[in-house]
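**Q** sequence? don't have it. structure:
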Ligand code: HEM
C-alpha cells in the first residue's frame, strides 16, 4: 500500500482506479470493477464515443468469449483497435450500436485514420500476405520442446534428488512462461496453458498484462506497474526512502513473483475456474514418477518455481519499459490533444538488439517488443518480417525505435527505480544515444 503522497498522478489526465494506492493488494477483478466507474460505458461496451451491446456476440466471438465477457461495462477502444488486423470486426460494429456515450473518454489516446497507428496497420495488413506460412509453426515447436524439457527435468530432479536438474527445470519454466505469453494474447488454444505452470493464471494475465499493461503501458492504470508497488516503484515521483530500498529488494521480488501471483489470486478465488489448477499437474507428475515423499516433492517443486520466477521476472521487468528515457506517466507527454496510441506505444518501449534476430529469444524473452505491443495477436515468430514496413511508416512520421542491449535495459530498470523527477521533455525517439531501427 502506498501513502497518499506517493501515489502517482497522471500527466496524461487519466483518472486512476480508486484503489490505485493498494499496490500489490490490488486485484485484476478490482481493476475491472473500477474501470467500469471511470469509463462512461453505462453497463455496455464503449468503443471511442459509441456504446455497443455485444451480449449476443460474446459466445460467437472468434477470439473466444473471455475478452468480451471480462470487459462488459468498460471502454474497449484500445483493445478493439489493437487486437484485430482485418477490417471485418469494424464492419460488424454498426449491428451492435446502441447510442453515443455521454462522457469524454478517460483515456487520451487517438486512432485517427491518417495517424501513425492506423497507417501502420494498413501497411502491415498488406505485408502479412507475404509472410512465409512455415514460420507460423516455429513458436509452437519451441514451446512444445520447452514443455517436454520442463516435465523431464522436473521428474529427474525428484527421481535422483538433483538440484542441478531442478535449476535446469526452473530455467526452462521461466522460458516456457515467456513462450506461453505468446498464446494468451490470441484466441484460446491449449498452448496458453503452458503459461499456468508458473502458477500465474491466464485469466489474470489477460487482464493485468493484455488489457491493462499492453494497452496503457506505464500509465497510472498499468497493472504491471501497480502490482509490484510499494516494493518496486517505477513512476518518477517521490519514493519511499528515495527508491533505494527497491534496488536492494528487487532480486527478492524477482525470486518470489510466481508465489506472489498465486497468493494475490487467492483474494479473488471466486472467479477461479478448474482450468486454473493446470499448474498443479507438475508436482503431481513429479510425485507419481519420482521417488520422494510428498514434502520433498513439494520442496523441489518450489525450487523450480523460484528459479523460473527469477529468470522470467528479471527479464520481464527489464525487457523494454523501464528506463529513464522511456515514457512513464508523470513525465511530459508528446501531446495531450492528439496522442496517437501507436506513438504512445513507441514512447513507452525500447527494444533489445541482442534479442531481436533470434526466434527462440524473441519468443521466450519478450523480444520484438514494440511490434508485439502494436500487434499483440500476431505470433512472435512472424514479427521479424514486419520491420521493413514499420521502418517505412516510422520514417513518414519522423519517429524511430530505440534499441539497447539487454544489459543496458537492466541497468536502466534499476535507474528508473531511483528516479524521482519526471522528464521535462517528451521522449526523443530519434536520439543519437541509441541505435535506431
Ligand atoms: C475487448 C475487446 C476485444 C478483444 C480483446 C478481442 C480479441 C480478439 C482476439 C484475441 C482475436 C483472435 C485473433 C487471432 O488470434 O488471430 C479476435 C478475433 C476476432 N474478433 Fe475480437 N476482440 C474484441 C472485441 C471484438 C469485437 C467488439 C468484435 C466485433 C464487433 C470482434 C470481432 C472479431 C472478429 C471478427 C475476429 C476474427 C478475426 C478477424 O477477422 O480479425 N472482436 N478478437
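**A** Looks like it came in fine. This structure is a prediction, so every number in the text was calculated from the model and none was measured.

**Q** need the contact list for the residue located most distally from the centre of the chain.
**A** Note on the chain: the largest C-alpha distance from the chain mean falls to residue 291, namely 38.3 Å (Cα atoms, centre = their mean). Shown in contact with residue 291 (Cβ atoms under 8 Å, 6 or more residues apart in numbering): 158, 159. (Each C-beta comes from the backbone N, C-alpha and C, glycine too.)

**Q** Just want the residue of the protein that's nearest the ligand.
**A** Closest to the ligand within the chain is residue 63: 2.5 Å, counting by Cβ to the nearest ligand atom.

**Q** residues near that residue, how many?
**A** By the criterion of other Cβ atoms under 10 Å, residue 63 has 15 neighbours.

**Q** Next, it: phi, psi?
**A** phi -90, psi 0 (degrees, to the nearest 10).

**Q** Could you check the pLDDT of it?
**A** Per-residue confidence at residue 63 stands at 95 (pLDDT).

**Q** right, and it touches residue 185 too?
**A** No: in this structure, residue 63 is not within contact of residue 185 by Cβ atoms under 8 Å, at 9.6 Å.

**Q** what sits in contact with each of those two?
**A** Joint contacts of residue 63 and residue 185 (Cβ under 8 Å, 6+ apart) are 83, 377.

**Q** coming back round to it: roughly how far apart are the closest residue to the residue of the chain closest to the ligand other than its chain neighbours and residue 83?
**A** Using Cβ to Cβ, 6 or more residues apart in numbering and skipping the chain neighbours, the partner closest in space to residue 63 is residue 187 (4.6 Å). Computed as Cβ to Cβ, to the nearest Å, the residue 187 to residue 83 distance reads 10 Å.

**Q** ok, now residue 70?
**A** Taking Cβ to Cβ, one finds residue 70 at 13 Å from residue 83.

**Q** How about the contacts made by the closest residue to residue 437 other than its chain neighbours?
**A** Closest residue to residue 437 apart from its sequence neighbours, by Cβ to Cβ, 6+ apart: residue 401 at 4.3 Å. Applying Cβ under 8 Å, 6+ apart, we find residue 401 in contact with 346, 349, 350, 351, 370, 390, 394, 429, 436, 437.

**Q** Would you mind giving the residues you listed as TSV with secondary structure, pLDDT and distance to the ligand added?
**A** Below are these laid out as TSV (DSSP: H, G, I helix; E, B strand; the rest coil; pLDDT from 0 to 100; distance: Cβ to the nearest ligand atom, whole Å):
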residue	secondary structure	pLDDT	distance to the ligand
346	helix	96	21
349	coil	95	20
350	coil	94	25
351	strand	95	23
370	helix	96	19
390	helix	97	19
394	helix	96	24
429	coil	90	27
436	strand	80	30
437	coil	77	25
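
**Q** Buried among those? Make that a PyMOL selection.
**A** Listed next is the PyMOL selection for buried residues among the contacts of residue 401, using 16 or more other Cβ atoms under 10 Å:
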select buried, resi 346+349+350+351+370+390+394+429+437
